[in-house]
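>>> How does the following fold in three dimensions:
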Amino acid sequence: MRYSKRVKRNRETVDRRVELPLSGAIDALKKAGKAKFDETVEVAVRLGVDPKKADQIVRGTVTLPHGTGKTVRVVAVTKTKIAEAQEAGADHAGFEDILEKIKGGWTDFDVLVATPEVMADLGKLGKILGPRGLMPNPKAGTVTPNLGNAVRDVKGGKVEFRVDKYGILHLGVGRLSFSAQALQENIEEFFKNVMRNRPATAKGQYVKSVFLTSTMGPGLRIARSEVESARLH
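Numbering: from 1, shown residues only. Just a heads-up that it's a prediction; the model follows:
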């Protein structure tokens, strides 16, 4: 595989074994050079959990203080609160028309919110929505009678995270163009939620490793203590 000069330079200058404070990692990432587009900044946290066990699945939501920098496309499925969803900023809102479009393979959106009475109908579309992470869930606040609030929350920077089969949490926490302070505040808020969602059955070391990266940037190792102490801030 051929790599760009920037990627080669980053690989040569970054030691992934060295743990950095969060502020130092953010500064290093911003200095690593910019691509011709506004890169997404992502955090990956490897946890000491077994995702095969239902009581060790780490899942939650976090409202990033400065948003993600991404325009979130929200679809609302409801029989009774279409106008409420539209007024709150939903990109599409409806019931039978939305269901028919999804049945036809339409998934050109980022988040689907719904009122409880339509979940039986949405459940029939699980094979389409489930693999793409688009099935609404009460724990994530995307199944609720307060549909307007749910739409506003998602548009305002509320995002869901869930541990993958390897025990890793991935979350986009902003753009490289964000100020260092904005990125730090977004990441710290995520870390607080990671700690709050620690399963009671998770034994031993909970946070195994933490990395910060951007779309085209290096992977920088962050000190685990940054996550573990976040709940105290």
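
>>> what are the ranges of the strands in the protein?
For the chain, the strands defined by DSSP state E occupy 40-47, 59-63, 74-77, 92-94, 111-114, 158-162, 168-175, 207-214, 220-222.

>>> Quick one: mean pLDDT for the third one?
If I follow you right, that is strand 74-77. Averaging pLDDT along strand 74-77 gives 97.

>>> Would you give the sheet partners of that strand, along with the direction of each?
Using DSSP bridges, the strands paired with strand 74-77 are strand 92-94 (parallel), strand 111-114 (parallel).

>>> just the second one next, same as before
Strand 59-63 has the following strand partners under DSSP bridges: strand 158-162 (antiparallel).

>>> same question for the partner strand, mean pLDDT?
So the average pLDDT for strand 158-162 ends up being 90.

>>> So what's the gap between that strand and the chain middle?
Its chain's average C-alpha position is 4 Å from that of strand 158-162, according to C-alpha atoms, centre = their mean, to the nearest Å.

>>> and what of stretch 150-168?
In terms of C-alpha atoms, centre = their mean, the centre of stretch 150-168 is found 4 Å from the chain centre.

>>> export the strands of the chain to CSV and tack on distance to Gly126?
Where C-beta positions appear, they are placed from N, C-alpha and C, glycine not excepted. Formatted as CSV, the strands of the chain follow (distance: least, C-beta to C-beta, whole Å):
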stretch, distance to Gly126
strand 40-47, 26
strand 59-63, 17
strand 74-77, 14
strand 92-94, 19
strand 111-114, 12
strand 158-162, 16
strand 168-175, 23
strand 207-214, 32
strand 220-222, 36
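
>>> how about low-confidence regions in this structure?
Across the chain, the ranges flagged by pLDDT under 70 are 1-16, 231-233.

>>> and the gap between the closest residue to Gly217 other than its chain neighbours and Trp106?
The shortest distance from Gly217 to any non-neighbouring residue, by C-beta to C-beta, 6 or more residues apart in numbering, is to Ala32 (4.8 Å). According to C-beta to C-beta, to the nearest Å, Ala32 stands 38 Å off from Trp106.
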